[in-house]
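>>> show me how the following folds:
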Amino acid sequence: MGRKAPKTLEPGRLSKRNLWGYSMGGIGRDMTYTLVNTYITLFALATKSLTPAEYAAIGVIMIVCRIFDGLNDPIMGMLIEKTRTKVGKFKPWIMIGMITNIVIVMLMFFVPLQGASYVVFFGFMYLLWGITYTMNDIAYWGMMPSLTSNAEDRNNLATIANVGAGLGMGACLILIPVLTAGDFALFGNTQTAYQLISGVICLLFAGCQIMTCMTVQEKPLPPLTEEEIAEREAKKAEKEAFKQMSKEEKAQVREAKKAAKAEAKANGTKKDNALVGMFKVIFKNDQVLVTAGSMLLYNIGSAIMNVLVTYWVYLKYGYNGMLVTVFTALTGISMAIVVLYPILSKKMTRKQLMKVCFGAICGGYAIMLILALATNHLDLSNGTEVEILRNLLNLNVEETALFISIAIFGAIASFGQALFYQVLTISMTNTIEYNDLKTGKRDEGMIFSVRPFMAKMGSSIVKAIETIVLVAIGYAAISEQISGAIVKEANKEISNEAMKITIENALNSVDDSAIIWLMVCMAVLPVAFLICAFILYMKKYKIDEVRYEEICAEIRKRDGIEEEQCECECHCDCEDGECHCDCEDGECHCDCHDGDEEHCTCGCCEEHTPEVEEIPALEEVPATDQE
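Residues are numbered from 1 along each chain as shown. Next up, the predicted model:
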């Protein structure tokens, strides 16, 4: 038998190589982001002997740097748009960002500074970390819409890419707590554990991003127009001429450029910088504006529980990383259900999915809060003992049941949040075609710089909330005692048992009301922000599934691209009582829900059956032959 001919991919469709090569590249990069974004504060509090004022200073530094980093996103988007290399415009920035970011991360976790000196060092390193990660982040996510414009493929790609990112984030959220605090900490010490983990994660970051750059095939860049070629040649000639000038001539040229800029500014013809350009794209495209606002509110609401749950566990149950891991694992499992998005998107519209998200979020947080507050006064310490629970979780049966129940309803809320984010990601992606229709430009880099910009604006607000809450409840005041004990144990100045006693005494010194207020912040604040995001999206976002297909059709018509003609006559689908054309194999199908064409009620099969069975050649056969 001869070999089967390889399957050819339809134009604009997504190859499996690009699907998996792109999506799995996000595992390592999101592990690195989670390590720094979520755990650098815990690391500093636990190992750097910070006073409350120094901790507050670190909080302010992170807020300012994240705002600056967000403002830097559109500049990065503009640089990517102007990049033209043999390997595309995204891959160079993915690699540059990855390499430089790894260097910064290693310095942040390995430098032996303490107290105020670490705060100053941290300020510079955190700023550089944000800049280098932005190089990678904007390029990585900006590549996604360039790989396919097919709606189904884009849903699959966005889903698998978010799954890859979720795997990286989930691995960190599950493993880092248990491996850095409590009885299961690596080498029995928080500082040593964080250093080892940061090294492993940086290796994974490098491996995943190299894999993406080697496997993903970008679309060829469109050829330069004659105007762009002429502009480039003119700039090149201008630079060469400038090199040959004397100092006086160069000074005259600079003055002339300043005068030209001032004149252009006065006449309103000055070119916008990247930041202004991004905001113009946002405000010219009303759907980008709506999605950006929803994303900002989502990023604030969805992160609050994650950043506060560790402190809640420590204050209520002791310095026990295993409990943080169990709580996070349950929420992570619920988020994994997002892999079903392509299936759900075929059954429900995005706005119907948003209603499901809303119910899960409100219900999950409400019951979690009720359970925590209703049982906060109960003393469950004398409950039924089970050796495995006491050894693993340091809890008895009753305490374990309550903790698991609270975590499960937190997981239900997290499921709603994960589905919410998936809908927002697809919605933001679809605004690119909307922008193309309105302005004639796709502006992929600019539009996708909005997503990380809103993520960083949201994280800066979350960091402000976290700092205020920890200072208010008194946790920041005891961090110096905890970190002092950890550092002394790492330097072999005290025993491991003495370190544990010091940490336990410090945690017990915090007032019991702090536990209640932490839970209120964990449950009420997320719901408030996410409700606002839900209302904004439902009322103002207009690009539903039908409208998106209309936009793509209008763009094809404008650009003179002919649509493929369907060769089949009909597709009978009796589930909705309507006829549909199914061109997957170019043939007509009768696809009744009960598998029996005789019971088809829409009449499509009966209508088209005579046409399918009619054989014109019979008319030419002589009557004698028919007899």
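
>>> alpha carbons only for contacts and neighbour counts from here, please
Noted.

>>> give me the contacts around stretch 187-197.
Under the criterion CA atoms under 8 Å, 6 or more residues apart in numbering, residues 43, 46-47, 109-110, 176, 179-182, 185-186, 486-487, 489-490, 496 lie in contact with stretch 187-197.

>>> can you check the pLDDT for Ala407?
Confidence at Ala407, expressed as pLDDT, is 90.

>>> Leu330 is in contact with that one, correct?
Yes: proximity of Ala407 to Leu330 meets the contact threshold set by CA atoms under 8 Å, at 6.6 Å.

>>> the two - which one has more neighbours?
Ala407 (22 against 19; other CA atoms under 10 Å).

>>> now that one: how far from Gly25?
30 Å (CA to CA, to the nearest Å).

>>> quick one, helices of the stretch 51-200 of the chain?
Counting by DSSP state H, counting those that start in this stretch, one finds helices in the stretch 51-200 of the chain at the ranges 52-82, 91-110, 115-147, 151-180, 190-215.

>>> buried members of the contacts of stretch 187-197 into PyMOL, please.
In PyMOL, this line selects whichever of the contacts of stretch 187-197 come out buried by 16 or more other CA atoms under 10 Å:
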select buried, resi 43+46+47+109+176+179+180+181+182+185+186+486+487+489+490+496
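
>>> and the contacts of stretch 187-197, which of them are in strands?
Using DSSP state E, no member of the contacts of stretch 187-197 falls within strands.

>>> what's near enough to touch Asn376?
Ile516.

>>> looking at this, it is in a strand?
No: applying DSSP: H, G, I helix; E, B strand; the rest coil, one finds Asn376 to be coil, outside a strand.

>>> re earlier: need the helices of the stretch 51-200 of the chain in TSV (columns: distance to Ser302).
Shown next, in TSV, are these (distance: least, CA to CA, whole Å):
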stretch	distance to Ser302
helix 52-82	17
helix 91-110	25
helix 115-147	20
helix 151-180	14
helix 190-215	24
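
>>> between these, which one is nearest to Thr439?
Proximity to Thr439 (CA to CA) singles out helix 52-82 among these, at 16.6 Å.

>>> can you pull the pLDDT of Lys500?
According to the prediction, Lys500 has pLDDT 84.

>>> how many neighbours does it have?
18.

>>> and Leu371, by the same measure?
The local packing of Leu371 (other CA under 10 Å) involves 15 other residues.

>>> Glu433 now?
Glu433 has 22 nearby residues by other CA under 10 Å.

>>> any idea how far Arg17 is from the closest residue to Pro177 other than its chain neighbours?
Leaving aside its chain neighbours, Pro177 sits nearest to Gly321 (4.6 Å; criterion: CA to CA, 6 or more residues apart in numbering). For Gly321, the distance to Arg17 (CA to CA) stands at 38 Å.

>>> which one of the two is surrounded by more residues?
Gly321 (25 against 13).

>>> contacts only, for that one.
Listed by CA under 8 Å, 6+ apart, the contact partners of Gly321 are 177-182, 184.

>>> let's see that with 6 Å instead.
Counting by CA atoms under 6 Å, 6 or more residues apart in numbering, Gly321 touches 177-178, 181-182.

>>> taking those, tell me the two that lie furthest apart.
Largest pairwise distance in these, by CA to CA, is 8.7 Å, between Pro177 and Gly182.

>>> okay, angle between the helix or strand hosting Ile408 and helix 115-147 too, please.
Element membership for Ile408 (DSSP states H and E) is helix 397-439. If you take axes from the mean of the first three to the mean of the last three CA atoms, to 10 degrees, helix 397-439 sits at 50 degrees to helix 115-147.

>>> now the very next helix or strand once past helix 397-439: mean pLDDT?
Heading C-terminal from helix 397-439, the first helix or strand you meet, by DSSP H and E, is helix 444-473. The predicted model assigns helix 444-473 a mean pLDDT of 84.

>>> and stretch 194-211, by the same measure?
On average, stretch 194-211 scores 93.

>>> where's the closest residue to Leu175 other than its chain neighbours, which helix or strand?
Nearest residue to Leu175 in three dimensions, chain neighbours excluded: Thr325, at 6.5 Å (CA to CA, 6+ apart). According to DSSP H and E, Thr325 maps onto helix 321-335.

>>> check Phe90 and give its pLDDT.
On pLDDT, Phe90 comes in at 85.

>>> and the residue nearest to it when sequence neighbours are not counted, what's its pLDDT?
Spatial nearest neighbour of Phe90, chain neighbours left out: Ala139 (4.9 Å); criterion: CA to CA, 6+ apart. Looking at Ala139, its pLDDT stands at 86.

>>> what separates Ala139 from Met446, distance-wise?
Taken as CA to CA, the span from Ala139 to Met446 is 11 Å.

>>> for stretch 313-326, give the mean pLDDT please.
86.

>>> show me which residues of it are buried.
Across stretch 313-326, burial judged by 16+ other CA under 10 Å covers 313-326.

>>> now swap in stretch 53-70 and tell me
Across stretch 53-70, burial judged by 16+ other CA under 10 Å covers 54-70.

>>> and stretch 104-124, by the same measure?
104-105, 108-109, 113, 115-116, 118-119, 122-123.

>>> same check on stretch 464-484?
In stretch 464-484, counting by 16+ other CA under 10 Å, buried: 464-467, 469-470, 473-484.

>>> gap between the two ends of it?
Start-to-end, stretch 464-484 (CA to CA) is 25 Å.

>>> low-confidence ranges in the stretch 351-500 of the chain?
377-393, 445 (pLDDT under 70).

>>> again, only this time at 90
Applying pLDDT under 90 to the stretch 351-500 of the chain picks out residues 351, 372-403, 415, 418-419, 421-422, 425-457, 459-460, 463, 467, 470-500.

>>> where are the low-confidence patches of the stretch 501-627 of the chain?
501-515, 543-627.

>>> re earlier: out of the helices of the stretch 51-200 of the chain, which is closest to Ile535?
Using CA to CA, the helices of the stretch 51-200 of the chain put helix 151-180 closest to Ile535, at 23.3 Å.

>>> list the buried residues in the closest one.
Buried-residue list, helix 151-180, by 16+ other CA under 10 Å: 151, 153-180.

>>> how far out from the middle of the chain is stretch 506-520?
Chain-centre distance of stretch 506-520: 32 Å, with CA atoms, centre = their mean, to the nearest Å.

>>> buried residues in the strand or helix carrying Ala553, which are they?
Using DSSP H and E, Ala553 sits within helix 545-558. Buried residues in helix 545-558, counting neighbours by 16+ other CA under 10 Å, are found at 548, 551-552, 555.

>>> just put those residues in JSON lines and tack on distance to Thr192.
Listed next are the buried residues of helix 545-558 as JSON lines, based on distance: CA to CA, whole Å:
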{"residue": "Tyr548", "distance to Thr192": "52"}
{"residue": "Ile551", "distance to Thr192": "55"}
{"residue": "Cys552", "distance to Thr192": "54"}
{"residue": "Ile555", "distance to Thr192": "57"}
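
>>> can you pick out the most distant pair from those residues?
Tyr548 and Ile555 (10.7 Å).

>>> check the gap between Lys86 and Val546 for me.
37 Å.

>>> Ser460: neighbour count?
23.

>>> just confirm Val216 contacts Lys16, I think it does.
No: contact status for Val216 versus Lys16: not in contact, 9.7 Å apart, counting by CA atoms under 6 Å.

>>> who has more neighbours, these two?
Of the pair Val216 and Lys16, Val216 is the one with more neighbours under other CA under 10 Å, namely 21 against 11.

>>> the closest residue to the more buried one other than its chain neighbours: helix or strand, and which one exactly?
With CA to CA, 6+ apart as the criterion, Val216 has its nearest non-adjacent residue at 4.8 Å, and that residue is Asn18. Here Asn18, judged by DSSP H and E, is contained in helix 16-23.
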